[in-house]
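Novice: Return atomic coordinates for the entry below.
(one chain, ligands or ions: 2)
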Amino acid sequence: MSTSTLPTSEPPAFLTDVLGPARPGPRLNSDEITRPYVTLTFAQSLDGKIAGKAGKQLILSGRESMIMTHWMRTMHDAILIGIGTALNDNPQLNTRHLPPRSSNEERYHLPRPVILDTHLRLHPECKLLINYKSGTGRRPWVICSSSASPLNRATLEKAGARIIEVTERDGKLLIPELLRKLRSLDIRSVMVEGGSEVIGSFLAEAPIDREDGVLSSIVDTFIVTVAPIFVGDDGVGYGTGLSGDQIPKLQHIRTEVIGKDTVVAAKPSL
Ligand SMILES: NC(=O)c1ccc[n+]([C@@H]2O[C@H](COP(=O)([O-])OP(=O)(O)OC[C@H]3O[C@@H](n4cnc5c(N)ncnc54)[C@H](O)[C@@H]3O)[C@@H](O)[C@H]2O)c1
Ligand SMILES: Nc1nc(=O)c(N)c(NC[C@H](O)[C@H](O)[C@H](O)COP(=O)(O)O)[nH]1
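Specialist: Ligands and ions are numbered 1, 2, ... in the order given. Okay, the predicted model is just below:
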């Protein structure tokens, strides 16, 4: 375990070590042709909660680890969340916590926002679409099922969203198909930020992807920030309902103390 003081002009060594030169550069997974590199990341309390009562957004991360998370955003082609998070938090998914760049410096890479939104419930005036229209954010890609309302589709397209269809099962979009589609659209790395249901889906997919007969995990790296706080039983957890067999076994890569938080990086052990 080591303690970090964050550099101000480049991603912390912790991230470049753990993720490799994620952008641009060689991909690390062997099936890079069929899916992007996937980093599953979130912040949790000591009692395993990612949000407060009724999903109330909590600031769990301290300033330093939040900056680390924003550096992580610059290292991925796309950042993926579920519609629950989009509606609850109205996020921007940008790099606003990083130090401002001077006019002669290259701008921070902004990841492509990707929202899993089976029934197209995203608000046309959400910050992601407003930022896109004002030129301060990238065009969000909204992933839905073919049964989503054509009216909602037209409204979101008018508001600037790109709509992409993926097969749905029980209200959830199929993750392997989604990843293949993203890769075909030149997305080579995805940072999955949550929320609870999305984390659960990626955990459930993580152990083994047998589709092409190759044993591999759909998640390449887990980066979990643990904040020194208890939330209590009425907070929102994740991975509930997954048994020990379904949950991936981990190989520990590195643990870093960043500010008041502990950030754990692991890879699935196959
Ligand atoms: N602490 C953190 O790091 C962190 C990060 C993100 C969100 N959050 C919190 O998580 C909460 C939201 O979580 P949530 O579970 O309500 O919503 P979510 O963001 O996980 O979105 C879930 C919804 O996405 C859609 N979806 C489509 N395909 C899916 C698939 N394959 N798997 C899962 N969902 C799919 C479904 O409509 C589903 O209901 C908020 O309270 C937010 O503040 C915390
Ligand atoms: N690293 C981290 N520490 C936290 O304390 C916390 N609450 C989140 N949560 C992430 C969050 O709930 C969603 O990813 C937001 O929706 C992102 O929103 P922004 O783009 O920052 O506006 N993440």
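Novice: Name whatever forms a beta bridge with the residue nearest the centre of the chain.
Specialist: For the chain, the residue nearest the mean C-alpha position is Val192 (1.8 Å; CA atoms, centre = their mean). Using DSSP bridges, the beta-bridge partners of Val192 come out as Leu40, Leu80.
Novice: and the protein, which residues reach ligand 1?
Specialist: 42-43, 50-51, 55, 57, 60, 81-85, 88-89, 116, 118, 171-173, 175, 193-198, 201, 236 (CB under 6 Å from any ligand atom). C-beta here means a position set from N, CA and C on the backbone, and glycine is covered the same way.
Novice: how about the helices of the chain, start to end?
Specialist: Here the chain has its helices, by DSSP state H, at 13-19, 63-74, 83-89, 127-133, 150-158, 175-184, 196-205.
Novice: So what touches the last one?
Specialist: The contact list for helix 196-205 (CB atoms under 8 Å, 6 or more residues apart in numbering) reads 38, 40, 42, 50-51, 80-82, 84-85, 116, 172, 175-176, 192, 218-219, 236-242, 246-248.
Novice: thinking again about what came up before, so who does the residue nearest to the centre of the chain touch?
Specialist: Going by CB under 8 Å, 6+ apart, Val192 touches Val38, Thr39, Leu40, Thr41, Leu80, Ile81, Val198, Ile199, Phe202, Val219.
Novice: Contacts only, for Gln251.
Specialist: Contact analysis of Gln251 by CB under 8 Å, 6+ apart lists Ala266, Lys267, Pro268, Ser269.
Novice: Sort out which one of those residues lies nearest Ser65 for me.
Specialist: Distance to Ser65, by CB to CB, is smallest for Ala266 among the contacts of Gln251, at 16.4 Å.
Novice: burial of that closest one, as a residue count?
Specialist: By the criterion of other CB atoms under 10 Å, Ala266 has 20 neighbours.
Novice: Tell me the pLDDT of it.
Specialist: The score at Ala266 is 96. That number is its pLDDT.
Novice: again with Ser9
Specialist: Here, the pLDDT recorded for Ser9 equals 79.
Novice: who touches it in this structure?
Specialist: With CB under 8 Å, 6+ apart, Ser9 has these contacts: Pro99.
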